[in-house]
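>>> Starting from these lines, generate the structure:
(chains A and B)
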Amino acid sequence: MTAMLELPKRWRLPGWGSWLAAALVAELIFFTLTTRHFAGGGTGMLDLSEQFAPTGVLSLGSALVILTGNIDLSVAANASLAAVVAGIALDHGMGTAVAVLLAIAAGTVVGIFNGIAVAVLGIDSLLVTLATQFIVTSIATSAAGQSPPGTLKPFPVSFQAIGQGSVAGIPNALLIFLILGLAVIVVVGYTTFGRSTVLVGYNRRAADYTGVGSLGTVIGVFMISGAVASLAGVLFAAYYNSAVPENAAVLLLPAITAVVLGGVDIFGGRGRIGEVIVAALLLGYLSQGMLLSGDSSLAVTMVTGLVLIGALVLKISLERNNRELLAARMRQIQGSFLRPERPG
Amino acid sequence: MTAAQTIETSPAPRQLQRPTRQLTALLRRRETLLIALMAIVIAISTGAHPYFWAAGNFGSILADSMVITLLALGETFVMLGRGIDLSVGVIMGLAAITVGFQIQDHGMTLLPALFLGAAVGVALGIGNALLVAAMRLPPIIATLGTLGVYSGLEFVVTNGNQVNTIPNEFTNLASNQVLPGIPEIFLYSLPLILIAALVLRHTVFGRSVYAVGDDAESAYRAGIPVRRVLFATYVIAGLLSGLAGVVFLIYTSGASATTGVNDNLTAIAAALIGGTALTGGRGGAFGALVGSVFLTLTLTAMSFFPEISDVWQPAGVGVLVLLAVLSDRRARQANFTARPRLRRLFR
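This is a model prediction of the structure:
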């Protein structure tokens, strides 16, 4: 028996999630070194997450919608509406749990409307949610009135705790985001509904012919997106202790950016929720780090846009034709390092 | 030879039906419907509030709608090619700021101002075009990214200042009326719309835009340079948005770091209401004009009724978009398993 020829281990280009995670770590180290208050004795970094948890939660709902090949532009407006509904309920002396449930119910109703318009009437989701975004914004602004809830008298402490409290040093908002993220990972990866979501996004016709039925799936996805968006609105209202409807409107672009940065294909059918979570953390800490370093929020918007474009160009060029070539070249280089030159 | 002759002779019988056919086609056009609706809106508003019927009011509505018209016109080119441009509003804002500072601080006159606005628009449009046509990113994502970048740039350019003194030479264009109800600015914008309509209808480029939007694969096989056409649509959208920036200065006589941030979706809404389809290949330049004038007119009419609070104006835009899409049968591609099931339900 001749000794087996020792082949170099097959080297693969790491997946998109690894790149994101590496970028997140690098970013955290960078801001810890450059900005004095970023790490804040270890817990400061966790506390910062309270500010971007609503965006992260929104991106989870949007990720589900984008997985089916649709898009939901109404999530931010939905979050405003939920914040206002919860605020009004609290102002009328209802308990925290009732207020949160009412808020989520409001978002779910908007979500179901979106879903029915998209799946049954067959209107492009971009158009439907563009319209509902305008309509829901008006409803929220009108319901909030001249002095939005929370601006005159503060919300009860139990409600504020949703956005500001913490369990064992971990902020509640971050906990909610991570638990919801885990739930969405399980739903997408291990349930019939989740697998149909991906299939509908990958090929709607095939889904219909195999009896999966895109109708219920699309309505369900929009419903979940609405419910999740209203949860984000509740987090937002609880953190800022007010339900000013215009405030939550800025969450739309970062949320969709996180989904796309997280590698979800905008045409549906491909994407991992775990990577979306990492991308949301990456973007969130990027914005908080920049704000702490004294940059304006518009500079943050600009960098977010640049990151989105840069990441997409990188990802698409990696995927399109260079992936195999690049991996092969890397293998070659690695091989030449591992194997000593043969004499002769 | 015989083939050519048959082609030449074949239209003859159709010639007889033409007048009626053209009439019904004209009546079925979205623009005709919108003009009829506009008449209704004007009639209702004038009935309720007689001062709605004033030349000054119509003049300001037309002048007001010109910014959105130019944005929607650019958006029309992009949407006809089955793309979408979320950044037209901020391109308009950047052009308004850049030109505004030149006017305010260095006394730039109208003609150079127009050229500068157009140049800023084209430069930013090329940015979009490179991402979409050269890098082949999905348009909605690429322009979402540039929306962020450009709105940040707006802040960088203004650096905390704002444009607030525009000489009368400019602002008179919006307030002077050549005819009662027709402001000068409308007269100057009209040629742009006519040129755009001519380009779309009667040039090789214009027909290529429709072809690419309808079916890019077939267009490619027919020898149309698809990516070059797409590139051009985004540059044209940038150009028109840059000019819209100058019009914005003329109408509002000021600009700030947040100018145009909210106009991106309104421009898309106006183009949609004007009958341009998001799925590409259908629509036209006059749709952008009529759509945005209709939108502005309806919103102004809403503000005339004190019972309707101003917070419902966005809802008005939303409802109009929904109605516009619902009235367009071809924009609906219903779930094909849902249809028979629903039919069974309602039988």
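>>> A:Met94 belongs to a strand?
No: according to DSSP: H, G, I helix; E, B strand; the rest coil, the state of A:Met94 is coil, so it is not within a strand.
>>> what about B:Thr143, how many residues close to it?
30 (other Cβ atoms under 10 Å in any protein chain shown). Backbone N, C-alpha and C define where each C-beta goes, glycine included.
>>> so who does A:Gln160 touch?
By Cβ atoms under 8 Å, 6 or more residues apart in numbering or on different chains, the contact list for A:Gln160 reads A:Pro154, A:Ala238, A:Asn241.
>>> which among the residues you listed gets closest to chain B?
Relative to chain B, the closest of the contacts of A:Gln160 is A:Asn241; by Cβ to the nearest Cβ it sits at 22.7 Å.
>>> how about the longest helix along chain A, does it get close to chain B?
The residue-count maximum for a helix in chain A (DSSP state H) belongs to helix A:214-240. Yes: interface with chain B: helix A:214-240 contributes A:Ser214, A:Leu215, A:Val218 (Cβ under 8 Å from any Cβ of the partner chain).
>>> Hmm, A:Val200 and the last one touching each other?
Yes: applying Cβ atoms under 8 Å as the test, A:Val218 and A:Val200 come out as touching, 6.6 Å apart.
>>> shared neighbours of those two, anything?
Common contacts of A:Val218 and A:Val200 (Cβ under 8 Å, 6+ apart): A:Thr68.
>>> sorry, back to before: buried ones among the contacts of A:Gln160?
The neighbour count (16 or more other Cβ atoms under 10 Å in any protein chain shown) marks A:Ala238 as buried among the contacts of A:Gln160.
>>> With pLDDT as added columns, please give the contacts of A:Gln160 in TSV.
As requested, these are exported to TSV (pLDDT from 0 to 100):
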residue	pLDDT
A:Pro154	77
A:Ala238	86
A:Asn241	78
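>>> Next SSE downstream of the strand or helix carrying A:Gly189?
A:Gly189 belongs to helix A:172-190 when assigned by DSSP states H and E. On the C-terminal side of helix A:172-190, the nearest following helix or strand under DSSP H and E is helix A:192-202.
>>> Now tell me what touches that next one from outside.
Taking Cβ under 8 Å, 6+ apart as the rule, helix A:192-202 contacts A:64, A:66-69, A:186-188, A:206-207, A:210, A:212-214, A:217-218, A:220-221, A:265, A:267-270.
>>> Just the buried subset of the residues you listed, please.
A:64, A:66-69, A:187-188, A:207, A:212-214, A:217-218, A:220-221, A:265, A:268-269.
>>> May I have the secondary structure class of the spatially most central residue of chain B?
Centroid check for chain B by Cα atoms, centre = their mean gives B:Ala72 as the closest residue, at 1.2 Å. Of the three states, B:Ala72 takes helix according to three-state DSSP.
>>> which stretches of the chain form strands?
As the question left the chain open, I've gone with chain A. Ranges of strands within chain A are A:166-167, A:170-171, based on DSSP state E.
>>> um, chain B though
Along chain B, counting by DSSP E, strands occupy B:177-179, B:182-183.
>>> most neighbours per residue, which of these?
strand B:182-183 (a mean of 22; mean count of other Cβ atoms under 10 Å in any protein chain shown).
>>> In terms of secondary structure, what does that strand contact?
Judged by 3 or more Cβ pairs under 8 Å, 6 or more residues apart in numbering or on different chains; DSSP states H and E, strand B:182-183 is in contact with helix B:55-80, helix B:168-175.
>>> Each with direction, which strands does that strand pair with?
strand B:177-179 (antiparallel) (DSSP bridges).
>>> Not counting the partner strand itself, show me its contacts.
B:Ala55, B:Gly59, B:Pro183, B:Glu184, B:Leu187.
>>> Are any of those residues buried, and if so which?
Of the members of the contacts of strand B:177-179, the ones counted as buried by neighbours, 16+ other Cβ under 10 Å, are B:Gly59, B:Pro183, B:Glu184.
>>> Run through the bridge partners of the second one.
In this case it means B:Pro183. With DSSP bridges as the rule, B:Pro183 is bridged to B:Gln177.
>>> ok, it to chain A distance?
B:Pro183 is 27 Å from chain A, where distance means Cβ to the nearest Cβ, to the nearest Å.
>>> Now for that residue: which residues touch it?
Here B:Pro183 is in contact with B:Gly59, B:Ser60, B:Leu62, B:Ala63, B:Leu173, B:Ala174, B:Ser175, B:Asn176, B:Gln177 (Cβ under 8 Å, 6+ apart).
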